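K.L.:
got a predicted structure plus its sequence, pasted below:
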Amino acid sequence: MKMTELAQLEKPESEHSPTLNTVLMVEETLKKTGELVTLAELKRRLPRQVMHATLLTILDYLQLSGKIVIGTKGILWVFTERPELDRLIKEGLEL
């Protein structure tokens, strides 16, 4: 992520930031969905309620990190995990 993109994610001190657990919950819900989902439908599918502003912050982060695509018809999880790359990183030598 570029520094300019990180700067865009910074929020004023008074604004609530999402916790890691909340971000992971939203990611997992979108992964499981496997299809285009509207914001309202995503809110219904989440195991617990998330404040609207917090959810929008999470979705902005996921879009900037390339994990989701947000279009006019909804939100779609597009990130594919690469187990082979993960294995190579885990077994590789650090220089």
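P.N.:
On my side now, so go ahead. Numbers count the residues shown, from 1 in each chain.

K.L.:
what stretches of the protein score poorly on pLDDT?
P.N.:
1-15 (pLDDT under 70).

K.L.:
at 80 what do you get?
P.N.:
Across the chain, residues meeting the criterion (pLDDT under 80) sit at 1-16, 85-86, 92-95.

K.L.:
L59 against V69, yeah?
P.N.:
No: contact between L59 and V69 fails when scored by C-beta atoms under 8 Å: they sit 10.6 Å apart. For the C-beta atoms, the positions are set from N, CA and C on the backbone; glycine is no exception.

K.L.:
between those two, what contacts are shared?
P.N.:
I75 (C-beta atoms under 8 Å, 6 or more residues apart in numbering).

K.L.:
neighbour count: these two, which is higher?
P.N.:
L59 (18 against 14; other C-beta atoms under 10 Å).

K.L.:
quick one: the more buried one is in a helix?
P.N.:
Yes: assessed by DSSP: H, G, I helix; E, B strand; the rest coil, L59 belongs to a helix.

K.L.:
so who does it touch?
P.N.:
Contacts of L59 (C-beta under 8 Å, 6+ apart): 26, 39, 68, 70, 75.

K.L.:
which pair of these spans the longest distance?
P.N.:
Using C-beta to C-beta, the contacts of L59 reach their maximum pairwise distance at V26 and I70, which is 12.8 Å.

K.L.:
any idea which element the spatially most central residue of the chain lies in?
P.N.:
Residue closest to the mean C-alpha point of the chain, counted by C-alpha atoms, centre = their mean, is L62 at 3.2 Å. Using DSSP states H and E, L62 sits in helix 52-64.

K.L.:
now that helix: buried residues?
P.N.:
If you call a residue buried by 16 or more other C-beta atoms under 10 Å, then helix 52-64 has these buried ones: 54-55, 57-59, 61-62.
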